[in-house]
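[1] Could you look at this predicted model? Sequence included:
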Amino acid sequence: MKRHITSLLIHGNKEEKSAESNRSLKIPIYETASFDFETSEDMEKAFRGESNAFSYSRISNPTVNELQNRLQLFSGSAHSLCVSSGMAAISNVFLTLCSAGDNIITSRYLFGNTYSLFANTLSSFEIETRFTDLDNLSEIASHIDSNTRAIFLEVPTNPQLIIFDIEKIAALAQEKQIPLVIDNSILTPYAFHANEFCVDIEIFSNTKFISGGATSIGGAIQIYKSNKWQFIPKLKKEYDAFGQQAFFKRLYKEIYRNIGACLSPSSAWLQLLGLETIGVRIDRIEKNALTVAQFLENHPKVKQVSYLSLPSYKYFDRAQKYTNGHGGCLINLTLKDKKACFTMMDKLKMVRRGTNFCDNKSMIIHPASTIYWDYSANDKELMLINEGTLRLSVGLEHQDDIIEDLSRALQSI
């Protein structure tokens, strides 16, 4: 019998009641650095990758492995690899794909650290980022050359909440044989199914919805079957040997191990717990978020509201097409100016002033003065980071309490 994804995320892909000899219903936390081997030959095989035995937790660990298995079920990917953060996931991906002289195509509408990684860190390795209007297919095509290694986008963008026409971008990437990499941290496969749109690599910040309430930091890389790896010079040797597994082999055997940004077993265990309740949490949060967005849209002190499920949302039709009716947890609300934002935030009693999102607790942040504080006014303008805009992450509290807190705070401006 084919089970619903929410059931698979609780039980895994196992028919037996427990994989453990003591019949524990939770996988143990294998909080260990090393593992023992029966023989020297067994140890040799493990290090050569000729067995599935665990050798060292920076390379593989049973608790982390179970999380990877569940995320593979969640996404429908061919391979899943967990790392220490969402930024570690992005870094590992592009250090696997790119060499000096290569380039990446993306938009300017990115999470602040992702933008910095592309604009500053990778540029120091002579990897160019071509910031492009991803709604303009002709512009994307004009930036593609023989050294283009990927097109990258967030679904939706954070914090601007833009949804690009993913299907058209994927078709262009397919035509040009360029990998399409997406960050699906905000929606997760519960809402956006990357495997239906020719995505080659999908990235999560596990810290968000997957962690189950911001209990831990983590990231994950989902790798889909693709023949595009043959067109990446850095992966030619692996493609000749492993075909569609080329990217995963290079990532896992070299970049992941050498960078060492592994996920801890304790964090993996917490994220496994989070997966068990992800469906009910997202459903409840989205119900709250739509009600809160409707309230804010009708408030006289609020100039503009963006939420994926609002009919007034600029990209509403795309959201309906790509998110299966889901809206996520994020709302953007624009007030008169920065002073109004700070005044309103400081009057909040229940909604927390914090930088995370997809948390059980509602959180609010002023992106221009925090995540993007060190960017110039011109850079902020190009990234659509407005001094009067707040990012609200709606949580699991009762919607009446969230609205009451926001209403009282808005009265102060």
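    Arrived safely, thanks for sending.
[2] Shouldn't Ile385 be within a helix?
    No. The assignment for Ile385 by DSSP: H, G, I helix; E, B strand; the rest coil gives coil, which leaves it out of any helix.
[3] neighbours of it, just the number please.
    Neighbours of Ile385 under the rule other Cβ atoms under 10 Å: 21. In short, each C-beta sits where N, CA and C put it, glycine included.
[4] For it, what are phi and psi?
    Per-residue torsions, Ile385: phi -100, psi 110 (degrees, to the nearest 10).
[5] who touches it in this structure?
    By Cβ atoms under 8 Å, 6 or more residues apart in numbering, the contact list for Ile385 reads 159-160, 367-368, 372, 375.
[6] Then Val64?
    57, 82, 262-263, 265, 268 are the contacts of Val64 under Cβ under 8 Å, 6+ apart.
[7] Go through the residues you listed and say which is closest to Thr188.
    Cys82 (14.4 Å; Cβ to Cβ).
[8] I'd like the contacts of Ile385 as TSV, with secondary structure appended.
    Formatted as TSV, the contacts of Ile385 follow (three-state DSSP):
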residue	secondary structure
Pro159	coil
Gln160	coil
Pro367	helix
Ala368	helix
Tyr372	coil
Tyr375	coil
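[9] out of those residues, who's nearest Thr63?
    Pro159 (32.7 Å).
[10] How far does the lowest-mean-pLDDT helix or strand in the chain sit from its chain's centre?
    Least confident element among the helices and strands of the chain, by mean pLDDT, DSSP states H and E: helix 5-11 (a mean of 84). Chain-centre distance of helix 5-11: 20 Å, with Cα atoms, centre = their mean, to the nearest Å.
[11] Check which helix or strand the closest residue in space to Phe242 that isn't next to it in sequence maps to.
    What sits nearest to Phe242 in space, not counting adjacent residues and going by Cβ to Cβ, 6 or more residues apart in numbering, is Lys249, at 4.9 Å. Per DSSP states H and E: Lys249 is located in helix 246-250.
[12] Which strands or helices does that helix pack on?
    With contacts defined as 3 or more Cβ pairs under 8 Å, 6 or more residues apart in numbering; DSSP states H and E, the packing partners of helix 246-250 are helix 86-97, helix 236-242.
[13] Distance from the biggest helix by length in the chain to the middle of the chain?
    Longest helix of the chain, by residue count under DSSP state H: helix 278-297. On the basis of Cα atoms, centre = their mean, the separation between the geometric centre of helix 278-297 and that of its chain is 20 Å.
[14] can you give me the mean pLDDT across that helix?
    Here helix 278-297 scores 98 as its mean pLDDT.
[15] what does it rub up against?
    For helix 278-297, contacts defined as Cβ under 8 Å, 6+ apart pick out 5-6, 9, 188, 190-191, 209-210, 212, 302, 305, 307, 309-310, 312, 326-331, 333, 358, 360, 392, 394-397, 399, 402-403, 406-407.
[16] Buried only: go through those for me.
    Among the contacts of helix 278-297, the ones that count as buried by 16 or more other Cβ atoms under 10 Å are 5-6, 9, 188, 190-191, 209-210, 212, 302, 305, 307, 309-310, 326-331, 333, 358, 360, 392, 394-397, 399, 402-403, 406.
[17] pLDDT score for the residue nearest to Ile140 when sequence neighbours are not counted?
    Excluding the flanking residues, the one nearest Ile140 by Cβ to Cβ, 6+ apart is Thr132, at 5.6 Å. pLDDT recorded at Thr132 is 97.
[18] which strand in the chain runs the most residues?
    Secondary structure of the chain per DSSP state E: the longest strand is strand 148-154.
[19] tell me the angle that one makes with helix 86-97.
    160 degrees (axes from the mean of the first three to the mean of the last three Cα atoms, to 10 degrees).
[20] Contacts for the helix or strand that comes right after strand 148-154, please.
    Per DSSP H and E, the first helix or strand lying C-terminal to strand 148-154 is helix 166-176. The set of residues external to helix 166-176 that reach it, using Cβ under 8 Å, 6+ apart, is 134, 137, 140-141, 144, 148, 151, 153, 155, 179-180, 182, 197-200, 321-322.
[21] ranges for the helices of the stretch 201-350 of the chain?
    Using DSSP state H, counting those that start in this stretch, the helices assigned to the stretch 201-350 of the chain run over residues 236-242, 246-250, 256-259, 265-276, 278-297, 316-322, 338-346.
[22] counting contacts, what elements does the first one pack onto?
    Under the contact definition 3+ Cβ pairs under 8 Å, 6+ apart, helix 236-242 sits against helix 246-250.
[23] what's the spacing between the helix it packs on and its chain's center?
    On Cα atoms, centre = their mean, the centre of helix 246-250 falls 20 Å from the chain's centre.
[24] contact partners of that helix?
    By Cβ under 8 Å, 6+ apart, helix 246-250 touches 78-79, 81, 96-97, 179, 200-201, 223, 226, 229-230, 232, 234-235, 238-239, 241-242.
[25] Got a PyMOL select line for the buried ones in the residues you listed?
    To isolate the buried members of these in PyMOL, using 16+ other Cβ under 10 Å:
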select buried, resi 78+79+81+96+97+179+200+201+223+226+229+230+232+234+235+238+239
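[26] Just the local confidence number for Arg48, please.
    Taking Arg48 on its own, its pLDDT is 86.
[27] Sorry, slip of the keys, the one I care about is Arg58.
    94.
[28] and if you look at the one 3 residues further on?
    pLDDT, the model's per-residue confidence, is 96 for Asn61.
[29] That one reaches Tyr30, doesn't it?
    Yes. Counting by Cβ atoms under 8 Å, Asn61 does reach Tyr30; the two are 5.5 Å apart.
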